[in-house]
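Asks: how does the following fold in three dimensions:
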Amino acid sequence: MAHKIQWLKSLLFNFQMYVMLFVIGIAFLPLAAFNRKYAYMACRTYCRWVVWTASWMVGLKSEIRGEFPTDEVIIASKHQSFFDIIMIVSVVPKPKFIMKKSLKWAPVVGWYGKLIGCVPVDRGKRSEAIRGMLAAIKSGNAPRGQFIIYPQGTRVAPGAPRKYRVGAAVLYEETGQECVPAATNVGVFWPRQAVLRKPGVAVVEFLPRIKAGIPPQEFLPMLETVIETASDKLMAEAGFIVGKN
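Replies: This is a model prediction of the structure:
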């Protein structure tokens, strides 16, 4: 019975989450269309709404650990579910992403993706997106801020192995920016393709910066070790032991 009640609460939570995406997005749009700061404000408002409602509707608390960046850096994050995106965007001031090209035409999501400087790309053409982002940065057309990249390229279930892609290293080398790794355990509570949201404490942890200038062949394995080690610890803290679950 408890499982059924949690499932129903999760269903209601998910429904209101998508309704509020449209409500908040449309409410801010007249201002966001003319001033980017209101686009960022809309994104933070929505993400904080989701974080708040998750805490009391389904019992999923959240915690940000470490110092989140406010300057122009790369954030290389473990990606387990939609909720780690929500948590990061709820705190960083000027986020931008590589996003699927199909989302470019999606109501609200596509509008705001364009307004905050996200780069749309066809699935499987991440190198093209990175070249586009680098060109935009060098030309001064891309807004300054925190470029969030997922080195594994997609959402990865807790404990599932997936290779870190070279795109993060290319972006790191070409921009000459510092990189802030981020670990998470959110997939333990918010599965990739399921209605159920489990109670607990979802954590995103911003880890110590990796300075600029490290050779790519050294940077990528360093990044993987740092993120995976920290994420495994967070998942163990949540009761999920990699290799045993």
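Asks: from now on I want contacts and neighbour counts done on CA atoms only, so please keep to that.
Replies: Will do.
Asks: now for the nearest residue to Gly59 once chain neighbours are set aside: which residues touch it?
Replies: Using Cα to Cα, 6 or more residues apart in numbering and skipping residues adjacent in sequence, the residue nearest Gly59 is Pro199, 4.4 Å away. For Pro199, the contact set (Cα atoms under 8 Å, 6 or more residues apart in numbering) comprises Val58, Gly59, Leu60, Lys61, Phe189.
Asks: helices - which of those land there?
Replies: Assignment to helices by DSSP state H places none of those there.
Asks: can you put these in TSV and add distance to Ser90, pLDDT and neighbour count?
Replies: Converted to TSV, these look like this (distance: Cα to Cα, whole Å; pLDDT from 0 to 100; neighbours: other Cα atoms under 10 Å):
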residue	distance to Ser90	pLDDT	neighbour count
Val58	19	97	23
Gly59	18	97	17
Leu60	16	98	20
Lys61	14	97	17
Phe189	18	96	21
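Asks: for those, which one is nearest Lys233?
Replies: Lowest distance from Lys233 to the contacts of Pro199 (Cα to Cα) belongs to Phe189, with 15.2 Å.
Asks: not counting sequence-adjacent ones, nearest residue to that closest one?
Replies: Take Phe189 and drop its neighbours on the chain: the residue closest to it by Cα to Cα, 6+ apart is Lys198, 4.7 Å away.
Asks: from Met57, how far out is that neighbour?
Replies: According to Cα to Cα, to the nearest Å, Lys198 and Met57 sit 11 Å apart.
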